[in-house]
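[1] this one's structure only:
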């Protein structure tokens, strides 16, 4: 599908020009100091979903019943509907149970959360004095992991504290004063609570760094180093990332000891996501084209990505004024409003969620019919993570990218 128009985007700055350069080439900055990102060949945004009658079927080496974990935990695993491990779970859980440091490389949506929660809950059951830190880049992912933890640890009197920015620090401090084995949070808020002496990481001998590449991209490297320096040198470190770069390799060498490396990353983009572009040159306006798309049958649950917080909010207000049921998520929204927006979208109370890249990683939102890149992603990796919100659970999804 290709549509065209001659009007510049009303939301955010114009993207930089695109050429035939490969991803990983030098970043591009406009003369006015605007959008900076890789040059990405637009043809990389066009790919039909792969539908075959015969597909390679992963056969796990283990069943959940085979893992050497507490019977209560196995009961909760079954209650949550887990039957056979995903590749990352199958390969990772035995090593974590043995106490090995782990580097896990896996695409989004592969079951990383259960891969580390199941063995770590068992670790606490074996030693109730164990304290575990889980660090993630965004508050939404922290809350999602906290919810998963509660499901796996149901009935075990095992407690966690979710420490994220944008939420009441007083409430988090109150919870930190109570019994807990897990702290799950974002780097900035954890460091803040450390400096206020409400978190003492010297008591934590196990740490999970999830979406480490994203934390690096978001500028959390100093906070990550401060946390790791405050922990005992003899510790159990689990490191998960979707990509391996020179910087990530540096962090692995800095934070881990002879880790077991497990990679189940099989492809750059989801094979069951039908990808196309909406070319913008002449004729109708970009916003007009978007509204026409959203009114079409089949656009039932649409995640739209914008580049800036202000642009996302303006687009949200415009679509609401046009009669669409929509919500927005970005860094300027407080914690309660972000959670309310996400819940409304997950439970199908609204058709459209407009977001910055805060929603591009880690979040498990069922049955997203379309991902629309209204503004171009900064890198091809960002594109991969954005479109990974659709085409999940063996369903086919659609991704559209506006090209000016």
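    Okay, I see it. Predicted, not measured: the structure shown is a model, and the values here were computed from it. Numbering: from 1, shown residues only.

[2] tell me the domain ranges of this structure?
    For the chain, the structural domains run 28-47+269-403, 64-263, going by automatic domain parsing.

[3] Mean pLDDT for the ones you listed - can I get that in a markdown table?
    Putting the domains of the chain into a markdown table (pLDDT from 0 to 100) gives the following:
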| stretch | mean pLDDT |
| --- | --- |
| domain 28-47+269-403 | 84 |
| domain 64-263 | 93 |
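
[4] List the neighbours of the helix or strand hosting residue 339 that are in contact with it.
    Per DSSP states H and E: residue 339 is located in helix 335-346. With contact meaning Cβ atoms under 8 Å, 6 or more residues apart in numbering, helix 335-346 is reached by 139-140, 143, 164-167, 301, 303, 327-329, 333, 350, 353, 359, 363, 365-366. C-betas here are computed from N, CA, C, even on glycine.

[5] Might you specify the subset of these located within strands?
    Counted as lying in strands by DSSP state E, out of the contacts of helix 335-346, are 303, 327, 328, 329, 353.

[6] Just give the nearest non-adjacent residue to the second one, would you?
    Excluding its sequence neighbours, the residue lying closest to residue 327 (Cβ to Cβ, 6 or more residues apart in numbering) is residue 341, at 3.6 Å.

[7] still on that earlier bit, taking the contacts of helix 335-346 one by one, which sit in helices?
    Among the contacts of helix 335-346, the ones falling in helices (DSSP state H) are 139, 140, 143.

[8] My guess is the last one contacts residue 160. True?
    No - taking contact to mean Cβ atoms under 8 Å, the distance of 10.8 Å between residue 143 and residue 160 leaves them out of contact.

[9] re the thing from before, just the ones in helices among the contacts of helix 335-346 now: which is nearest residue 223?
    Within the ones in helices among the contacts of helix 335-346, the smallest distance to residue 223 is 14.5 Å, found for residue 139 (Cβ to Cβ).

[10] Check the gap between the closest one and residue 172 for me.
    Distance of residue 139 to residue 172, computed by Cβ to Cβ, to the nearest Å: 12 Å.

[11] returning to what we had before: how about the domains of the chain in TSV, adding mean neighbour count?
    Formatted as TSV, the entries for these read as follows, by neighbours: other Cβ atoms under 10 Å:
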stretch	mean neighbour count
domain 28-47+269-403	19
domain 64-263	18
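
[12] Show me the helices in the stretch 251-400 of the chain, by range?
    Applying DSSP state H, counting those that start in this stretch to the stretch 251-400 of the chain gives helices spanning 286-294, 309-321, 335-346, 380-387.

[13] thinking again about what came up before, out of the ones in helices among the contacts of helix 335-346, the closest to residue 200 would be?
    residue 139 (22.5 Å).

[14] Which residues are in contact with that closest one?
    Residues in contact with residue 139 (Cβ under 8 Å, 6+ apart) are 164, 165, 166, 167, 186, 335, 338.

[15] Please apply the same query to residue 94.
    Residue 94 neighbours (Cβ under 8 Å, 6+ apart): 62, 67.

[16] SS state for it?
    Three-state call for residue 94 (DSSP: H, G, I helix; E, B strand; the rest coil): helix.

[17] measure it to residue 206 for me?
    In this view, residue 94 and residue 206 are 17 Å apart by Cβ to Cβ.

[18] do the same with residue 115
    To residue 206, residue 115 is 14 Å away according to Cβ to Cβ.

[19] Check residue 183 too.
    Look at residue 183 and residue 206: by Cβ to Cβ, they are 11 Å apart.

[20] Give the residues shared as contacts by those two.
    Common neighbours of residue 183 and residue 206 (Cβ under 8 Å, 6+ apart) are 131, 132, 133.

[21] and of the ones in helices among the contacts of helix 335-346, the nearest to residue 379?
    residue 140 (20.7 Å).

[22] what residues are up against that closest one?
    Residue 140 makes contact with 329, 338, 339, 342, 358, 359, 362, 363, according to Cβ under 8 Å, 6+ apart.

[23] mind checking how far residue 145 is from residue 46?
    34 Å.

[24] Repeat that for residue 340.
    Remark: distance between residue 340 and residue 46 (Cβ to Cβ) = 35 Å.

[25] Next up, the contacts around residue 176.
    Contact analysis of residue 176 by Cβ under 8 Å, 6+ apart lists 161, 163, 183, 193, 198, 199.

[26] Let's have these in a markdown table, adding secondary structure.
    Putting the contacts of residue 176 into a markdown table (three-state DSSP) gives the following:
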| residue | secondary structure |
| --- | --- |
| 161 | strand |
| 163 | strand |
| 183 | strand |
| 193 | helix |
| 198 | coil |
| 199 | coil |
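
[27] now, which of those residues sits nearest residue 399?
    Distances from residue 399 to these, taken by Cβ to Cβ, are shortest for residue 163, at 33.5 Å.

[28] which residues sit in contact with that closest one?
    142, 172, 176, 183, 184, 185, 186, 189, 190, 193, 199.

[29] That one and residue 374, how far apart?
    For residue 163, the distance to residue 374 - Cβ to Cβ - is 32 Å.

[30] What of residue 144?
    Plainly put, residue 144 is 24 Å away from residue 374 if you go by Cβ to Cβ.

[31] And residue 155, by the same measure?
    Look at residue 155 and residue 374: by Cβ to Cβ, they are 45 Å apart.

[32] Kindly report the same for residue 306.
    Residue 306 is 5 Å from residue 374, by Cβ to Cβ.

[33] Right, I'll call it a day here.
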